[in-house]
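Visitor: Model the structure of this input:
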Amino acid sequence: METVQTALWVVVMLVILAVAFDFMNGFHDAANSIATVVSTGVLKPGQAVLFAATFNFVAIFVFHLSVAATVGKGIVQPGIVDTHVVFGALIGAISWNLVTWYYGIPSSSSHALIGGIVGAVMAKSGAGALVAGGILKTVAFIFVSPLLGFLLGSLMMVLVAWVCRRATPSRVDRWFRRLQLVSAGAYSLGHGGNDAQKTIGIIWMLLIATGYTSASDSAPPMWAIVSCYVAIAAGTMFGGWRIVKTMGQKITKLKPVGGFCAETGGAITLFLATGLGIPVSTTHTITGAIVGVGSTQRASAVRWGVAGNIVWAWIFTIPAAAFVAAIAYWVSLFLF
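Guide: Purely as a prediction, here's the structure:
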């Protein structure tokens, strides 16, 4: 256990780095919240990011800190985490986010962070220092969340098609332009609730390791909670237009009714995962839902080549972030 006196400046630096990652998470994942509502023309980009950022922050009043507890206490064995591990994890996650943002690939900030934690911990103490249950639960939802998003998105589309079978196309479009504001708000709420808590979890992990809080505490300090929700909302306001284009236009052509079904399917998935304390990828979830909506029209409505490239990015996220995190861990031993 590191002493508070010697770790103070390092802890401050790492908290700032964690909040910067959270901001980048909002920036990187803004497309998840707003791509459908922008691509269908329901909101202009500026309106959409402000709308999504507001609901990202409102999530602080809606969800319990179950995901933060999983990240902070349920992935690594007690006593293993130190400032070097946290540094390595954050550098690994931030590096992968920058690469995928630059190339416009909607990868998972969440799994980049998990991969960073895994890589740094393994560099220090090996695989035995990881909590198998927490890792397996997270890895399982790499597959479960997009499949559930796909299933719910496609089911919603079929249900809506049946309910509106006698309505004229113009009337359906008018209804769902309004309803899409509800679904986009719900999805942004789920995005803020699940993603902000991951950074809260790593700050909590850091504070426990350095003695600023106790592992027996039921929640991290309020300043950590508020700062993470503010950071992710601010990041969303700045947006990630490269990824918006991929999510909203390249996978499939969406109309307001399709946007509503994709967002609703994604929101239900995120609410369920957050309630269960499972850190899932909002990127995986909404991509699965968009593909599900597109596939109900016809298989050719989905650009499977683009979707396939996204899946490859998902597969490489955890190992790539883990590799960079392991290197950053070793480098940090010479820095502080």
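
Visitor: Pull out the buried residues from stretch 121-140.
Guide: Val121, Met122, Ala123, Lys124, Ser125, Ala129, Leu130, Val131, Gly134, Ile135, Lys137, Thr138 (16 or more other Cβ atoms under 10 Å). Yep, even glycine has a C-beta here, placed from its N, CA and C like the rest.

Visitor: Report all helices and strands that the helix or strand harbouring the second one contacts.
Guide: Right, the one you point to is Met122. Following DSSP states H and E, the helix or strand that holds Met122 is helix 109-125. Applying 3 or more Cβ pairs under 8 Å, 6 or more residues apart in numbering; DSSP states H and E, one finds that helix 109-125 makes contact with helix 4-39, helix 66-73, helix 83-102, helix 132-163, helix 169-209, helix 282-297, helix 304-332.

Visitor: Next, the angle helix 83-102 makes with it.
Guide: Interaxial angle, helix 109-125 versus helix 83-102 (axes from the mean of the first three to the mean of the last three Cα atoms, to 10 degrees): 140 degrees.

Visitor: and stretch 201-215, average pLDDT?
Guide: In this model, stretch 201-215 carries a mean pLDDT of 89.

Visitor: ditto for stretch 125-136
Guide: pLDDT averaged over stretch 125-136 gives 90.

Visitor: what's in contact with that stretch?
Guide: Thr70, Gly74, Ile75, Val76, Gln77, Ile80, Ile114, Val118, Val121, Met122 (Cβ atoms under 8 Å, 6 or more residues apart in numbering).

Visitor: ok, those vs Thr36, which is closest?
Guide: Using Cβ to Cβ, Ile114 comes nearest to Thr36 of the contacts of stretch 125-136, at 25.8 Å.

Visitor: Just send the buried residues of stretch 121-140 back as TSV, with distance to Ser188 too.
Guide: What follows is the buried residues of stretch 121-140, written out as TSV (distance: Cβ to Cβ, whole Å):
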residue	distance to Ser188
Val121	32
Met122	34
Ala123	36
Lys124	36
Ser125	38
Ala129	35
Leu130	32
Val131	30
Gly134	26
Ile135	28
Lys137	24
Thr138	22
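
Visitor: ok, Phe51 - contacts?
Guide: Ile34, Val37, Leu43, Leu181, Ala184, Gly185, Ser188.

Visitor: Give the burial count for the third one, as a bare number.
Guide: Right, the one you point to is Leu43. 19 (other Cβ atoms under 10 Å).

Visitor: Likewise for the last one?
Guide: Applying other Cβ under 10 Å, we find 31 residues neighbouring Ser188.

Visitor: which SSE is the closest residue to it other than its chain neighbours in?
Guide: Setting aside the residues directly before and after it, Ser188 is nearest to Phe55 in space (Cβ to Cβ, 6 or more residues apart in numbering), at 3.6 Å. Assigned by DSSP H and E, Phe55 belongs to helix 45-58.
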